[in-house]
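[1] For reference, the sequence and a predicted model appear below.
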Amino acid sequence: MSLALEIHGLSKSFGGLPATNDVSLAVETGERRLIIGPNGAGKTTLFNLITGDLRADAGSIRLFGEEAIRLRTDQRAHRGLARTFQIITLFPQDTLAHNVVLSLLGLAPSRWNALRPLAARLDLYQRAREVLATVGLEASAGRPLSQVSYGEKRRVEIAMALAQRPKLLLLDEPLAGLSTEERHTLQALLAAIPRDITVIMIEHDMDTALSFAERITLLHYGKVIVEGSRAEVVAHPRTREVYLGA
Amino acid sequence: MNRAALALAALAALPFVAGDYYINLASQILIAAVFALSLNLLVGYGGLTSLGHAAYMGVSAYISGWLYLKLGLGHLLAAPLALGGTTLMAALFGMVALRAAGISFLMITLALGQVLWGLAFRWVSVTNGDNGLSGLTRPMPFGIDLTGATAFYFFTLIVSVASTACIAAFAYSAFGAVLRGARDQPRRMLALGHNVWLVRYLTFVSAGFWAAVSGLLYVYYHKFIHPQALGLTNSAEVLLMVIAGGSGTLIGPVAGAAIVVLLKNYVSAFVERWTMLLGFVFLAIVLFMPDGLVPGLKRLWLKFYGTRA
C-alpha cells in the first residue's frame, strides 16, 4: 500500500516552546486516521505544518511520495491536499454556490482570467450546485452564507474541500459546536467520503471519532506517545492517563 | 446597463449645455475618476491601502513630458513608453511593497512614493526640479486637435469609459472574485490553491498601469507636470476619493473623485476655507456612511423605498 503522507522528525517551536517535537507518522492511501490529544498537544499545529501554513523548524513531509516541506500552501493544494479549519473561515456575504466556486477556481487555470465575467461561468455554478447537493445543501445554493446555520456552514466547508477532489483531506474538529442532530448528519457525510480520499481528522467527540477512524495517533506535548489501531490505542494505559481519563 | 447608457448619454450631452469652465471641470473629474478607480483595485478589491499611488500617475506624466521635451518624441510613441515604463516601475515596487500587508504595506508605499517625489524635486537635470516640466502639448489623435475644451473632454471621456469598462471587467471576472477572496480570507484562499501573493502582485501592477493612464490624461490636460503631482498630498487625496465614495464599488471612487474635484475647483471660488469644508464633508461621510457615500445612499434608498435603485 502506498503512503499518502509520510512525516519524519517534524518539529516546530514558538518562542522556545515546542508545539510539535520530532513527530513522525505515516498514513496509507485511503486510510482514516484520527489525531487525538489534550488541548495544546499540537494537533492543529501539526495540520498547519502539513498544509504549509507554518514552516517547520526541522523534519520532512512527503505528500504522495514527493517531498513537500518547501512547497507553499497553495502548491500543496495543487498536489491534492485539502483541509477544513477549526474556526470556520468562509465568505459570509457570498452565496453558498459562490463559496464553492472559489474552491473550484482554486485548481482551475481560469482563475487567472481577468476579462470574462464570473457570473457567465454557468458551468462552474452548475458544478457548485452538484457539490452542494452531495452535502444536502443544493436548495440553499443561492442563499448568502451568513443566512445559514452553523451546522450548514460546516457542511459547506466540507463541500468546498470535496469540490477539489482531493487525495488527502485534513478535517480539523469538523463536529465542534454542532447539535446532536447536526452531528448525525455530518457523521453520515464523513462516512460517505470516497475511499480513494485519505482522511486525517482531529476530533474530541470520541464516539464519532472512534467509529470513523481505523488508526489513531495520540499527541501529548507535541510528541507522538501512542499510535496504533483503534483497539490498541484505546486500551493503551498512556491513552487513559493523558486523554481518556481513568 | 440602461443606467450606464443613460449616464453615458448625459456625459456625452454635457458639452452641448455647459460652458468651457464646466466642461474642463468635467474633464478633471473624469481624470480623477480613472485615478481613483485604479487605486480602488488595491484598496477596495484587494484590501491593500496604499499611500503612494500618486507615484504612478506622476511618473507616467513625467516620462511622457520628458520624452516629448528632451527627446522630441511624438505622443504616439511617448504615451506607450510612459505606460510601459510606469507599469514596469509598479512591477518592481510591487515586489518590495507586497512583502508586507496592512499598515506596513501602507508605510512602504508611502516611502516609495516619497522617494520619487524627492527625486522629482532634486533631479533637476531631468525633471526641472521645482519648476516642473512646462511647454507640453496635447496629442492629436487621427489629426483631431484637442486644444479646445470640448474636443479634449470627448477624448478624456472615451479613454475614461474604456478604462472603466476594463476595470469593471477585471472586478467582475474570476480573477476579481479571487482577489476579493484573498482580501477577506487569505488563509482560506491559500488552502484552496490560490497564490494570494501573485494575485495581489498582478493587481498591484494593474493598478499602476491604470494610474499611468490617468497620468497621461493629467499631463495632457495641464500641459505641465510638477513634483507635487506625485507627492503625499495627491496620494492622500485619491485615497480619500476612494474611501469617501465607497471602496470596493465601481461608482464609489467616481463619486469620490467628483466630490473632491468640485470642492477643490468650484467651491474654493466661493469659500475661502474650502479645505476645512472638504474636511467636514469627509467627516460627515465617515460618521454617517462609514462604508462610503455610494453604499450609504444605496442603503438609505433600500430603507425608504425597499427596492433596489
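    All right, it came through fine. Numbers count the residues shown, from 1 in each chain, chains lettered A, B, ... in the order given.

[2] Please count neighbours and contacts with C-alpha atoms only from this point.
    Will do.

[3] Where does the record place the domain boundaries for chain A?
    Here the domain parsing of chain A from automatic domain parsing is A:1-80+A:166-246, A:94-165.

[4] Compile those into TSV and extend it with columns for distance to B:G292 and mean pLDDT.
    Listed next are those as TSV, based on distance: least, Cα to Cα, whole Å; pLDDT from 0 to 100:
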stretch	distance to B:G292	mean pLDDT
domain A:1-80+A:166-246	34	92
domain A:94-165	20	96
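
[5] and the ones you listed as CSV, adding mean neighbour count and distance to chain B?
    Below are those laid out as CSV (neighbours: other Cα atoms under 10 Å in any protein chain shown; distance: least, Cα to the nearest Cα, whole Å):
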stretch, mean neighbour count, distance to chain B
domain A:1-80+A:166-246, 18, 4
domain A:94-165, 20, 4
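
[6] Which residues of the stretch 51-200 of chain B lie near chain A?
    B:166, B:169-178, B:181, B:184-185, B:187-195 (Cα under 8 Å from any Cα of the partner chain).

[7] Give me the buried subset of these.
    Buried members of these, counted by 16 or more other Cα atoms under 10 Å in any protein chain shown: B:169-178, B:181, B:184, B:187-195.

[8] Give me the distance between the most centrally placed residue in chain B and B:L73.
    Nearest to the geometric centre of chain B sits B:F35, at 0.9 Å (Cα atoms, centre = their mean). Separation of B:F35 from B:L73 (Cα to Cα, to the nearest Å): 25 Å.

[9] for A:R129, same thing?
    According to Cα to Cα, A:R129 and B:L73 sit 56 Å apart.

[10] again, but for B:I259
    Distance, B:I259 to B:L73, using Cα to Cα: 36 Å.

[11] So which of those two has more stuff around it?
    Neighbour count, other Cα atoms under 10 Å in any protein chain shown: between B:I259 and B:L73, B:I259 has more, with 18 against 15.

[12] Give me the local confidence score for that one.
    What the model reports for B:I259 is a pLDDT of 93.

[13] now the strands for chain A?
    A:3-14, A:17-28, A:32-36, A:58-63, A:66-67, A:81-83, A:168-172, A:198-202, A:215-220, A:223-229 (DSSP state E).

[14] What backbone torsions are found at B:L133?
    Dihedral angles phi and psi of B:L133 (degrees, to the nearest 10) take the values phi -100, psi 120.

[15] State the number of residues packed around it.
    21.

[16] Does it touch B:A229 like I think?
    No - in this structure, B:L133 is not within contact of B:A229 by Cα atoms under 8 Å, at 11.6 Å.

[17] For stretch B:161-178, what is the distance to the chain centroid?
    In terms of Cα atoms, centre = their mean, to the nearest Å, the centre of stretch B:161-178 is found 15 Å from the chain centre.

[18] ugh, wrong one, I meant stretch B:127-139
    21 Å.

[19] how about it: buried residues?
    So for stretch B:127-139, counting by 16+ other Cα under 10 Å, buried means B:127-129, B:132-134, B:136-139.

[20] Just flag the most distant two among these.
    Spanning the widest gap among the buried residues of stretch B:127-139 are B:G129 and B:P139, at 24.3 Å by Cα to Cα.

[21] which regions of the stretch 201-309 of chain B sit below the pLDDT cut-off?
    B:307-309 (pLDDT under 70).
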